[in-house]
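[1] sharing a sequence plus its predicted fold:
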Amino acid sequence: MNRIDAIYARQSIEKKDSLSIESQIALCKRAADPDAAVYQDAGYSGKNTQRPAFSQLMDDVKAGKIKRVFCYRLDRISRSVLDFSLLWQTFDEHHVEFTSITESFDTNSPMGRAMVIIIMAFAQLERETIVSRYTTNRYARSNSGIWAGGKAPYGFRIEKQLIDGRNQSVLAPVPERLDTVRWMFDQYASGTCSLHSLAKELNEKGIRPDSRSEFWSATAVRRILRNPVYAAADVDLYSHYYASAHIVNDVHEFDGTHAAYLTVKGGKSAGGTCTLSLAHHAGVIPSHVFLTVQRALSGNQQIKNGVRSRLTWLAGLMKCAQCGGRITFFQNKGRTYLQCYNRFHTAGRCTAVIHGNAAVYEAYVSDAIQTHVRTLMHDGPDETDPDADSGVNALKIKLLENEQQTLNLIEAIKIGGASTIRIVQAELCALEDEHDALTAEIARHQPRYRLPEGLEYLDFPELDYDGKRDIARMLIDRVLIGSDRPTQIVWK
């Protein structure tokens, strides 16, 4: 088989300071045979070798069709030292010579091989520097409240605004899509649906996630529900992320008028650092709704990772009224029965005998939940006053500052010992009094219990198994049962 020359050219994007593919090929043709085969990839990066024309070239090399490979510059082949060294081994195994038109070296000599490695190392360094510069700039933009780049989240579009004398990218609302987002948060906060059922209902309504995706998935719904870009960033949101993220803005700026960006530097899978910063656009989901959803998502994750009984939706809630032990379930002739775990599995052995099957207790708890929700609706607060919410937010900020001052004094006592206690004792007492006063004032302005959105429409008996389980866990702490006492529901 007569082997031929090959020319390879690549250009990731067209820009003024880069050589076009046509020019690269023209330069290589001066050194190659006239009948050289041309392989070209337009719009592909050099960060890896997953490119169609390049893959075809390597297949032809392995098939013994190629005698020499010409390219304009080494980084047209690859910007990775590891990738190029593996390619070089393939060339060597199949006796293929390699020539870079603009970088003169002889790959048959030790010095030439060393020069290839040095050039490739600098090419990789250049790429990594560009990536690092872009990443640093992206996070800097996000931290200043400007949209960092990329596709806008569902419900928003990107527009330019004059900020600090420069046109900057910010998120602007798309009203009809944000109505869908509000509906998603309200539905999930109510506990009456799952991620899968939400995705299914959105698909049935013909609502598309974006121009590139036709159908919703549970993952896409979860991504929206986890994103604080929709939430009104107040002190409650600040407190929620305080332990898990670096917060750029001062707590006093979390007044509920803006949303927030959560960025992960280094990637979630690599355990990257989370950063929370305020955005220029307004939040559309009240923080208490957003946080209710976060707790529900975290709770569902724990259930998912654990053992989920399919015998009754009361599993995990029922406790023995006599000893406090957990209730286990067993089936006999199609019915699910209950027993105290400690009655048969501990040395002391609980003596409680539980009569009836799970269906009896499910009916009792179902009626109690429906009554409890109606009671909460009648006793619940009227529509909240935005000014009152603002006042409570300011009180919560003072409470956070009070707690931080107290922690600082405690740390000082640890360092200074008994002599420090005498100095700071009066200040600690004053902080404690202030803490009690602030807590009482916050409680006075807020309802004792806030009914989750959507529960006012609850028809508990009509819910499916998962819906009943989730609502029960939202409202109930435990259900105490025993042979000689009535069933007692301890509400949250």
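    Sure, I can see it.
[2] list the buried residues of stretch 482-492.
    If you call a residue buried by 16 or more other Cβ atoms under 10 Å, then stretch 482-492 has these buried ones: Gly482, Thr487, Ile489. The way it works is simple: take the backbone N, C-alpha and C, and place the C-beta from them, glycine included.
[3] do stretch 27-34 as well
    Within stretch 27-34, the residues scored as buried using 16+ other Cβ under 10 Å are Leu27, Cys28, Lys29, Ala32.
[4] which one of the buried residues of stretch 482-492 is nearest Arg473?
    Taking Cβ to Cβ as the measure, Ile489 is the one of those closest to Arg473, at 12.8 Å.
[5] pull whatever helix or strand the closest one lives in out as PDB, backbone CA atoms only.
    Secondary-structure assignment from DSSP states H and E places Ile489 in strand 488-491. Below are the C-alpha coordinates for strand 488-491, written out as PDB (Å, rounded to 0.1, in the frame of the first residue of the first chain):
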ATOM      1  CA  GLN A 488     -52.100  10.600  70.300                       C
ATOM      2  CA  ILE A 489     -50.700  12.700  67.500                       C
ATOM      3  CA  VAL A 490     -47.900  15.100  68.400                       C
ATOM      4  CA  TRP A 491     -47.900  18.000  65.800                       C
END
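[6] parallel or antiparallel, list what pairs with it.
    strand 476-481 (antiparallel) (DSSP bridges).
[7] residues making contact with the strand it pairs with?
    With contact meaning Cβ atoms under 8 Å, 6 or more residues apart in numbering, strand 476-481 is reached by 314, 317-321, 327, 338, 354, 361, 365, 369, 487-492.
[8] same question, stretch 319-333
    For stretch 319-333, contacts defined as Cβ under 8 Å, 6+ apart pick out 309, 311-312, 315-316, 318, 336-342, 346, 350-352, 354, 358, 478-482, 485, 488.
[9] and those residues, which of them are buried?
    Buried subset of the contacts of stretch 319-333 (neighbour count, 16+ other Cβ under 10 Å): 312, 315-316, 318, 336-340, 342, 350, 352, 354, 358, 478-482.
[10] among those residues, which ones are in helices?
    Judged by DSSP state H, the buried ones among the contacts of stretch 319-333 include Asn342, Ala358 as members of helices.
[11] ok so, going back, quick one: mean pLDDT for the strand holding Ile489?
    For strand 488-491, mean pLDDT is 90.
[12] can you list contacts of that strand?
    Residues outside strand 488-491 that contact it (Cβ under 8 Å, 6+ apart) are Ala321, Val365, Ala368, His372, Leu475, Ile476, Asp477, Arg478, Val479, Leu480.
[13] the fifth one and Ser366, how far apart?
    Looking back up the chat, that one is Leu475. 12 Å (Cβ to Cβ, to the nearest Å).
[14] ok, so of the buried residues of stretch 482-492, who is nearest Gln50?
    Ile489 (58.6 Å).
[15] what segments of the chain are strands?
    With DSSP state E, the ranges of strands along the chain come out as 4-11, 37-42, 66-71, 97-100, 156-163, 166-173, 246-247, 260-265, 273-278, 318-320, 327-332, 335-340, 476-481, 488-491.
[16] now the fifth one: buried residues?
    Buried positions in strand 156-163, judged by neighbour count with 16+ other Cβ under 10 Å: Phe156.
[17] again with the fourth one
    Neighbour-count burial for strand 97-100 flags Phe98, Thr99, Ser100 (criterion: 16+ other Cβ under 10 Å).
[18] also the first one?
    Taking 16+ other Cβ under 10 Å as the neighbour-count basis, strand 4-11 is seen to contain the buried residues Asp5, Ala6, Ile7, Tyr8, Ala9, Arg10, Gln11.
[19] and stretch 203-212, end to end?
    Taking Cα to Cα, to the nearest Å, the first and last residues of stretch 203-212 lie 15 Å apart.
[20] correction: stretch 13-27
    One end of stretch 13-27 sits 19 Å from the other (Cα to Cα).
[21] avg pLDDT for that stretch?
    79.
[22] run the chain-centre distance for that stretch.
    How far stretch 13-27 lies from its chain's middle: 40 Å, per Cα atoms, centre = their mean, to the nearest Å.
[23] got the contact list for it?
    By Cβ under 8 Å, 6+ apart, the residues outside stretch 13-27 that reach it are 7, 9-11, 38, 40, 42-43, 71-72, 76, 101-102.
[24] stretch 237-246 too?
    Outside stretch 237-246, the residues within contact range by Cβ under 8 Å, 6+ apart are 228, 231, 247, 251, 254, 260, 262, 273-276, 287, 290-291, 294, 396, 400.
[25] residues of that stretch that come out buried?
    By neighbour count on 16+ other Cβ under 10 Å, the buried set for stretch 237-246 is Leu237, Tyr238, Ser239, His240, Tyr241, Ala245.
[26] distance check, the second one against Ala260.
    Counting by Cβ to Cβ, the separation of Tyr238 from Ala260 is 9 Å.
[27] do the same with the first one
    Going from Leu237 to Ala260 by Cβ to Cβ gives 7 Å.
[28] for this protein, which element, helix or strand, carries the lowest mean pLDDT?
    The helix or strand of the chain with the poorest confidence is helix 110-143; it has a mean of 57 (mean pLDDT, DSSP states H and E).
[29] that older thread, now the buried residues of strand 97-100 as TSV including pLDDT and distance to Glu427?
    Putting the buried residues of strand 97-100 into TSV (pLDDT from 0 to 100; distance: Cβ to Cβ, whole Å) gives the following:
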residue	pLDDT	distance to Glu427
Phe98	84	75
Thr99	84	78
Ser100	83	72
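[30] what's the closest of the residues you listed to Met58?
    Met58 lies nearest to Phe98 out of the buried residues of strand 97-100, by Cβ to Cβ, at 12.4 Å.
[31] give the contact list for that closest one.
    By Cβ under 8 Å, 6+ apart, the contact set of Phe98 is Arg68, Val69, Trp88, Phe91, Thr107.
[32] now with 10 Å?
    Phe98 makes contact with 8, 68-71, 74, 77, 84, 87-88, 91-92, 105, 107, 116, according to Cβ atoms under 10 Å, 6 or more residues apart in numbering.
[33] centroid-nearest residue for the chain?
    Centroid check for the chain by Cα atoms, centre = their mean gives Arg226 as the closest residue, at 5.6 Å.
[34] which residue is the nearest non-sequential neighbour of it?
    In this structure, Arg226 finds its nearest non-sequential neighbour in Leu297, 6.7 Å apart by Cβ to Cβ, 6 or more residues apart in numbering.
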